[in-house]
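Q: Build me a model:
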Amino acid sequence: MTIKQRPEDFLVEEILAPGTAARLSETAGPVVLYRLTKRGLGTIEALERLSSKLHVPLERIRCAGLKDRHALTTQHVSILFPRGGALRAPDVVEMPGWKIERIGRLESHLSSGDVSGNRFRITVRGLVRRQCEHMTEARRFLASPDGSAGRSLRFVNYFGEQRFGSARHGRGFAAQRLIEGDFEEALRLLVAVPDRKDSRERKGVKREIAAAWGDWDTLADTLPPCPERAVARRLAETGGDYRAGFSALPPFIRRIAVEAYQSWLWNAVARRFVAARCAPPLIEIPSRYGDLVFPGAAAIPADIAGTLLPLFSPGTALDEPWRSSAEAVLAGEGIALGDLRVPGLRSLYFGEVSRPLFVDALDFVLGPVEEDESSGGARRFKRLLRFSLPRGSYGTVLLDALGSPGAQSNFR
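A: Sure, this is the predicted structure:
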């Protein structure tokens with residue numbers, strides 16, 4: 001079974017919060033809000049191309065979240081043009097792989113609170129008959145017991161694998177190195193170790209940096225325009241000060257490095273807590289970043305259904321009922337909450353944000369079993385899924401719970 005065989009198989013549409021839409025103006029505000037549609041590009045890569053095309057520094061461009069590379073996605077970006085630039089900002093810019101369309105102006109940059117959720121339309125391909133049946137069974141298993149006739153599914157609100165881009169090939173997270181004060185290794189993981197989801201161009205840049213690690217003068221002259229080039233220049237100027245080099249990365253890349261490790265810890269605590277408190281059977285999904293465990297919606301105890309589990313910070317209070325699960329995960333990592341600091345960088349910190357342990361997929365539709373015309377003669381099937389999720393929740397996690405893609409899920 002496969003998803004994202006083609007970008008059009010995985011459509012995601014970001015939904016602006018009503019309050020944000022109400023604040024939009026045609027003529028007032030220094031920030032211009034755009035709708036970004038991209039195909040086959042990661043969000044960061046799209047923003048870099050947008051920055052280059054509009055001649056606007058990358059740090060002046062913001063988005064509320066990252067969208068998958070292997071998809072056709074629509075999201076929002078805000079741009080703070082240089083003084084007076086909002087008046088001359090283009091209405092539409094279209095280039096290979098991406099397009100922006102002007103929506104209006106705002107007084108301040110876009111933030112995560114300006115988005116209410118996302119709508120998904122996903123085609124799952126390459127299914128055999130048993131997998132189609134399993135998806136139907138899993139839908140019943142996850143259906144909220146509220147009389148919605150399967151139109152609302154409840155599942156554990158894990159972070160998806162795409163959140164963990166700073167974990168490189170079993171070498172750990174950049175943030176793990178940061179809290180140790182090892183800025184060189186953190187920077188190496190981010191700029192010199194390719195990720196399997198990187199574009200060909202980005203992989204080439206990272207391999208070039210790895211091969212010439214330490215020769216910052218040469219790299220500053222030879223790298224193409226990209227965030228890594230700014231890092232090389234800063235290292236050349238400072239004689240190899242890796243803290244300064246890390247600080248030369250765009251703010252959102254530094255932020256993502258910290259949030260990736262926080263998200264991994266969150267998943268580990270959630271998995272342990274759910275397995276301890278929810279009665280079997282459970283759906284178990286193997287994952288590179290820790291197996292995912294999903295209980296039946298009807299088996300979720302009422303006293304934990306509304307649990308909010310925080311992303312850890314140094315000041316997080318380990319509360320019941322999940323305290324013992326959190327202590328076990330932290331002990332397994334060999335850290336205490338007080339270790340979650342980046343020495344020497346006040347601008348980068350582990351902030352606490354609460355996240356619902358369970359989330360509902362609304363307006364869920366599981367389409368009929370159809371012949372997969374892309375199967376090359378083999379008898380395979382496809383199914384179309386539609387649903388909406390609140391911001392911060394991952395459609396790929398729901399697909400995992402339903403038994404796709406590829407992972408062998410088991411009821412136990």
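
Q: quick one, helices of the stretch 301-412 of the chain?
A: Using DSSP state H, counting those that start in this stretch, the helices assigned to the stretch 301-412 of the chain run over residues 323-333, 395-402.

Q: Compare the ones you listed and report which one is nearest to residue 363.
A: Closest approach to residue 363 among these is made by helix 395-402 (12.7 Å; C-beta to C-beta). C-beta coordinates here come from the backbone N, C-alpha and C atoms, glycine included.

Q: what mean pLDDT does the closest one have?
A: Averaged over helix 395-402, pLDDT sits at 94.

Q: and that helix, what does it pack onto?
A: strand 115-127, helix 129-142, strand 153-156, strand 282-285, strand 292-295, strand 381-390 (3 or more C-beta pairs under 8 Å, 6 or more residues apart in numbering; DSSP states H and E).

Q: between the ones you listed, which gets nearest to residue 264?
A: Closest approach to residue 264 among those (C-beta to C-beta): strand 292-295, 12.4 Å.

Q: Can I get the closest one as CSV, trimmed to CA atoms?
A: Presented in CSV, the C-alpha positions along strand 292-295 are these (Å, rounded to 0.1, in the frame of the first residue of the first chain):
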residue,chain,number,x,y,z
LEU,A,292,2.6,4.0,17.9
VAL,A,293,-0.2,2.5,20.0
PHE,A,294,-3.8,3.3,19.3
PRO,A,295,-6.7,2.2,21.5
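
Q: Same list (the helices of the stretch 301-412 of the chain) but as a markdown table, adding mean neighbour count and distance to residue 155.
A: What follows is the helices of the stretch 301-412 of the chain, written out as a markdown table (neighbours: other C-beta atoms under 10 Å; distance: least, C-beta to C-beta, whole Å):
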| stretch | mean neighbour count | distance to residue 155 |
| --- | --- | --- |
| helix 323-333 | 16 | 18 |
| helix 395-402 | 25 | 5 |
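
Q: Of the ones you listed, which is nearest residue 46?
A: Taking C-beta to C-beta, helix 395-402 is the member of the helices of the stretch 301-412 of the chain nearest to residue 46, at 18.8 Å.

Q: Give me the contact list for the closest one.
A: Contact partners of helix 395-402, identified using C-beta atoms under 8 Å, 6 or more residues apart in numbering, comprise 3, 12, 68, 118, 120, 122, 124, 135, 138-139, 142, 153, 155-162, 283, 285, 287, 292, 294, 361, 385, 387, 389, 405, 407, 409.

Q: what does stretch 362-381 give?
A: 5, 125-129, 132, 135-136, 139, 150-153, 382-389.

Q: Now, of these, which are buried?
A: Buried subset of these (neighbour count, 16 or more other C-beta atoms under 10 Å): 5, 125-127, 132, 135, 139, 152-153, 382-383, 385, 387-389.

Q: closest to residue 329 among those?
A: So of the buried ones among the contacts of stretch 362-381, ranked by how close each gets to residue 329 (C-beta to C-beta), first place is residue 389, at 25.1 Å.

Q: okay but that closest one is in contact with residue 116, surely?
A: No - with contact defined as C-beta atoms under 8 Å, residue 389 does not reach residue 116; the gap is 10.2 Å.

Q: Now do the contacts for the closest residue to residue 207 other than its chain neighbours.
A: Using C-beta to C-beta, 6 or more residues apart in numbering and skipping residues adjacent in sequence, the residue nearest residue 207 is residue 194, 6.5 Å away. Contacts were defined as C-beta under 8 Å, 6+ apart; by that measure residue 194 touches 202-203, 206-207.

Q: Residue ranges in the stretch 101-250 of the chain under the pLDDT threshold?
A: Low-confidence segments of the stretch 101-250 of the chain (pLDDT under 70): 147-150, 166, 168-170.

Q: if we go to 90?
A: By pLDDT under 90, the low-scoring segments of the stretch 101-250 of the chain are 112, 144-151, 161-172, 194-202, 225-227, 250.

Q: Excluding chain neighbours, what is closest to residue 329?
A: Leaving aside its sequence neighbours, residue 329 sits nearest to residue 268 (C-beta to C-beta, 6+ apart; 4.5 Å).

Q: what about the helix or strand hosting that neighbour, average pLDDT?
A: According to DSSP states H and E, residue 268 maps onto helix 251-277. For helix 251-277, mean pLDDT is 95.

Q: For it, buried residues please.
A: Residues 252-254, 256-274, 277 are the ones in helix 251-277 that count as buried (16+ other C-beta under 10 Å).

Q: Out of the helices of the stretch 301-412 of the chain, the one nearest residue 20 is which?
A: With C-beta to C-beta, the closest approach to residue 20 among the helices of the stretch 301-412 of the chain belongs to helix 395-402: 21.6 Å.
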